[in-house]
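In: after the sequence you'll find the predicted model.
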Amino acid sequence: MALAVTASIALAACTNTPSTGTSPSPGVSASASPAAGTFTRGQGGELKILYWQAPTILNTHQATGTKDYDASRLIQEPLASWGVDGKPAANGLAKEIPTVANGGVSSDFTTVTWKLIDGLKWSDGTAVTADDVVFTSKYMADEATADPNSDFMTGVKSVVATNPTTVTVTYSAPTANPYQFGTGGGNEILQKAQFEKCLGAKASECPENLKTIGTGPYKLTEFKSGDVVTYEINTNYRDAKKPFFKTVQFKGGGDALSAARAVFQTGDVDYGWNLQVEAPVLKSLIQGSTKGDYLGKASSNVERVNVNFANPDPALGDQRSEPTTKHPFFNGPDGLIVRQALAMATDRATIGDQLYGNGLTGTSTCNQLLGNDDWTSKNTASMSVCKFDVAAANKLLDDNGWAKGSDGVRAKGGIKLSVLFATTVNTLRQKEQDILKANWEAIGFKVELRSISAGVFFSNAADGANRFYYDLSMFTNGSTPDITGYMAGWTTKQIAQKSNNWNQNNYHRYSNPAYDAIVEQMRTTTDQTKLNQLGIQANDILIKDVVVIPLVNRFQVASGKSKTLQGTNLNPWDSEMWNIADWYKTP
């Protein structure tokens, strides 16, 4: 079990998670639950959680932001979670983790049998059955429903209820990850009775998304979208001794700095999420704090710049940023050259050192697939697009006819290198933007900056990251142990567009048959070593093609907790709320 990093920040310079050998091949996590204190249900008062990005939806199957996934996780649960060791953990709806040894996974890795815990109930008191699991699979697979987690159903031949508490998942071919469907974030089980009328194009607008019925330790009391969620104990929760807290307030809004102060200075909250604060400022708050502890653990998360391959020109109307359009200079004959120059002019080292403390909350990187040394590419270190070289970037553009005008902005054929660069409202991110603006303007780009409220940015609104109505964006996410599912986020099939309500993961509108073919190989590769090699190949294509410009390998948990809050178990692979049923307080 990882321990909280206290004021000494002794563990803050962790490296990538060590190899787990066979992960995510069949095996059971030894870290499903930390040692809990002796407590009774509802013994505690109110648990106060502060997310400076406010949740706007409470259904993970229509959510696109971490804030929404985490707020939903108190209510919704998958069959199993990903444990801190990268293996499935039995803290969900499944009685046990299926393995070859216990007969739950077939020897050819095509069939998985999940058995539900006996007597499971929804928070409304009705029985949880295998039919709910089957319905969830149909919801996820339905194209018109546009579940952003639909890739978990790729390669799934069938999901069948063999009896009221048993589900058999059959894959069309041997799979590297038999836990693809059912495990971790994005695989939360929906109540069929609540959501069966929410299938199809109306799914995203269904009012049930704001009042989800679940099986988790808490149930919804009130939801003010974009502000606060309040919960109370789910009296039908399967463990009669849990949860400890009688109520939970999941407050959104403010900023990362105010969240850090609320933990370390005033002690106003029990848990403050995602403390994306400049390293020197954060360090000063942590050191000597008598109120809170810093939680930090290396992860697969990458803060990166995303390149739009489609045309975001407002003049295009409904076709704006649709994949049928081409970006005027990031796509087409000179597209790769311009993208390469942009990457070569990116000073990720300064961002990692000055803003993330070179190990306090993250370290600079030029890889997109991280989290395990076995699938982390060493090839990118020698790539020109990973080396900060302003002179080389200028020469590349000069040699290819992109000439600077009197205003210092380069142009060719009447097209100027003018970009709109958007991210969330956050002081640290605005400083990242400032550094990058100076970098890119030094090679002849004109850079306009935009900062957007996280509640809007991570949504389907016009300014949302998935609609991508700008040239460049910046945010963070990372892989689970299912690296195939993560790398599939850049396949042609997952291009976000109007027809799928912009709910798929390929925001870039990037399409590369060679890349798609590698991901297809990953789906049917059961040898972990080979899978890791294919993952590295996929990563290297994204970097060489400058689809993404990785900046910083951020900690999954760079949060703060009250010194009296116990039971949190740092997990780089799943939601920070993955084991909230185990949280408790000491006097």
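Out: Yep, it's here. Residues are numbered from 1 along each chain as shown.
In: let me know the pLDDT of the residue most central in space within the chain.
Out: For the chain, N477 is the residue whose C-alpha lies nearest the centre (CA atoms, centre = their mean; 4.0 Å). N477 carries a pLDDT value of 92.
In: give me the number of residues near the residue nearest to it when sequence neighbours are not counted?
Out: Excluding its sequence neighbours, the residue lying closest to N477 (CB to CB, 6 or more residues apart in numbering) is N301, at 6.6 Å. Placement of C-beta: from N, CA and C, glycine included. As a burial measure, N301 scores 22 neighbours (other CB atoms under 10 Å).
In: just read off the phi/psi values of N301.
Out: phi -70, psi 140 (degrees, to the nearest 10).
In: what sits against it?
Out: N301 sits next to G362, L370, T476, N477, G478, N553, R554, F555, Q556, P572 when contact means CB atoms under 8 Å, 6 or more residues apart in numbering.
In: again, but for G45
Out: Taking CB under 8 Å, 6+ apart, one finds F245, K246, T247 in contact with G45.
In: of those residues, which belong to strands?
Out: Counted as lying in strands by DSSP state E, out of the contacts of G45, are F245, K246, T247.
In: next one, pLDDT for the last one please.
Out: Right, T247. Confidence at T247, expressed as pLDDT, is 99.
In: where do the strands of the stretch 201-350 of the chain begin and end?
Out: For the stretch 201-350 of the chain, the strands defined by DSSP state E, counting those that start in this stretch occupy 218-224, 228-233, 245-252, 271-272, 292-297, 302-307.
In: which of the ones you listed sits closest to V547?
Out: Set against V547 and scored by CB to CB, the strands of the stretch 201-350 of the chain come closest in strand 302-307, at 6.0 Å.
In: CA atoms only for stretch 77-84, dumped as CSV, please.
Out: Once non-C-alpha atoms are left out, stretch 77-84 reads as follows in CSV (Å, rounded to 0.1, in the frame of the first residue of the first chain):
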residue,chain,number,x,y,z
GLU,A,77,-19.8,0.8,-9.6
PRO,A,78,-18.2,-1.6,-12.1
LEU,A,79,-17.9,-5.3,-11.6
ALA,A,80,-14.4,-4.8,-10.4
SER,A,81,-11.9,-2.0,-10.0
TRP,A,82,-8.3,-1.7,-11.1
GLY,A,83,-6.1,-2.2,-8.0
VAL,A,84,-3.0,-0.1,-7.1
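In: can you list the residues that contact that stretch?
Out: 1-2, 24, 29-32, 88-94, 97, 114, 116, 133, 179, 182-189, 214-216, 480-481, 569-574, 578-579.
In: now stretch 522-540
Out: Contacts for stretch 522-540 (CB under 8 Å, 6+ apart): 21-23, 25, 109, 154-155, 173-176, 367-369, 372, 374-377, 379-380, 483-484, 487, 490, 515, 518-519, 521.
In: state the mean pLDDT of that stretch.
Out: 96.
In: could the C-alpha coordinates of that stretch be exported in PDB?
Out: C-alpha atoms of stretch 522-540 as PDB (Å, rounded to 0.1, in the frame of the first residue of the first chain):
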ATOM      1  CA  MET A 522      -3.000  -5.200 -29.800                       C
ATOM      2  CA  ARG A 523      -6.600  -6.400 -29.400                       C
ATOM      3  CA  THR A 524      -5.800 -10.000 -30.200                       C
ATOM      4  CA  THR A 525      -2.300 -10.300 -28.700                       C
ATOM      5  CA  THR A 526      -2.300 -12.300 -25.500                       C
ATOM      6  CA  ASP A 527       1.500 -12.200 -25.000                       C
ATOM      7  CA  GLN A 528       2.200  -9.300 -22.600                       C
ATOM      8  CA  THR A 529       5.700  -8.700 -24.000                       C
ATOM      9  CA  LYS A 530       4.400  -8.500 -27.500                       C
ATOM     10  CA  LEU A 531       1.600  -6.300 -26.400                       C
ATOM     11  CA  ASN A 532       4.000  -3.900 -24.700                       C
ATOM     12  CA  GLN A 533       6.000  -3.700 -27.900                       C
ATOM     13  CA  LEU A 534       2.900  -2.900 -30.000                       C
ATOM     14  CA  GLY A 535       2.000  -0.200 -27.400                       C
ATOM     15  CA  ILE A 536       5.400   1.400 -27.800                       C
ATOM     16  CA  GLN A 537       5.000   1.300 -31.600                       C
ATOM     17  CA  ALA A 538       1.600   3.100 -31.300                       C
ATOM     18  CA  ASN A 539       3.100   5.600 -28.900                       C
ATOM     19  CA  ASP A 540       6.000   6.300 -31.300                       C
END
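In: on that earlier part again, make a ChimeraX selection of the buried ones in the contacts of stretch 77-84.
Out: Buried members of the contacts of stretch 77-84, defined by 16 or more other CB atoms under 10 Å, are picked up in ChimeraX with:
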select :2,24,29,31,32,88,89,90,91,92,93,94,97,114,116,133,179,182,183,184,185,186,187,188,189,214,215,216,480,481,569,570,571,572,573,574,578,579
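In: how far does the longest helix along the chain sit from its chain's centre?
Out: Identified as the longest helix of the chain according to DSSP state H is helix 528-544. Distance, stretch centre to chain centre, for helix 528-544: 19 Å (CA atoms, centre = their mean, to the nearest Å).
In: kindly report the same for stretch 95-114.
Out: 27 Å.
In: CA atoms of that stretch as PDB?
Out: Backbone C-alpha positions of stretch 95-114 (Å, rounded to 0.1, in the frame of the first residue of the first chain) are rendered in PDB as follows:
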ATOM      1  CA  LYS A  95     -18.100 -12.000  -6.000                       C
ATOM      2  CA  GLU A  96     -14.600 -12.800  -7.200                       C
ATOM      3  CA  ILE A  97     -12.200 -11.900 -10.000                       C
ATOM      4  CA  PRO A  98     -12.400 -14.500 -12.800                       C
ATOM      5  CA  THR A  99      -9.200 -16.200 -13.500                       C
ATOM      6  CA  VAL A 100      -8.000 -19.300 -15.500                       C
ATOM      7  CA  ALA A 101      -7.300 -21.000 -12.100                       C
ATOM      8  CA  ASN A 102     -10.800 -20.600 -10.800                       C
ATOM      9  CA  GLY A 103     -12.500 -21.400 -14.100                       C
ATOM     10  CA  GLY A 104     -13.700 -17.800 -14.700                       C
ATOM     11  CA  VAL A 105     -11.500 -17.300 -17.700                       C
ATOM     12  CA  SER A 106     -11.300 -19.900 -20.500                       C
ATOM     13  CA  SER A 107      -7.800 -21.200 -21.300                       C
ATOM     14  CA  ASP A 108      -8.100 -19.700 -24.800                       C
ATOM     15  CA  PHE A 109      -8.800 -16.200 -23.400                       C
ATOM     16  CA  THR A 110     -12.100 -15.800 -25.300                       C
ATOM     17  CA  THR A 111     -14.700 -16.300 -22.500                       C
ATOM     18  CA  VAL A 112     -15.000 -14.700 -19.100                       C
ATOM     19  CA  THR A 113     -17.600 -15.600 -16.500                       C
ATOM     20  CA  TRP A 114     -18.600 -13.000 -13.900                       C
END
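In: what residues of it count as buried?
Out: Quick answer for stretch 95-114 (16+ other CB under 10 Å): 95, 97-99, 104-106, 109-114.
In: tally of neighbours for the residue nearest to G371 when sequence neighbours are not counted?
Out: In space, and not counting its chain neighbours, G371 is closest to S300: 2.9 Å by CB to CB, 6+ apart. Per other CB under 10 Å, the neighbour tally for S300 reads 27.
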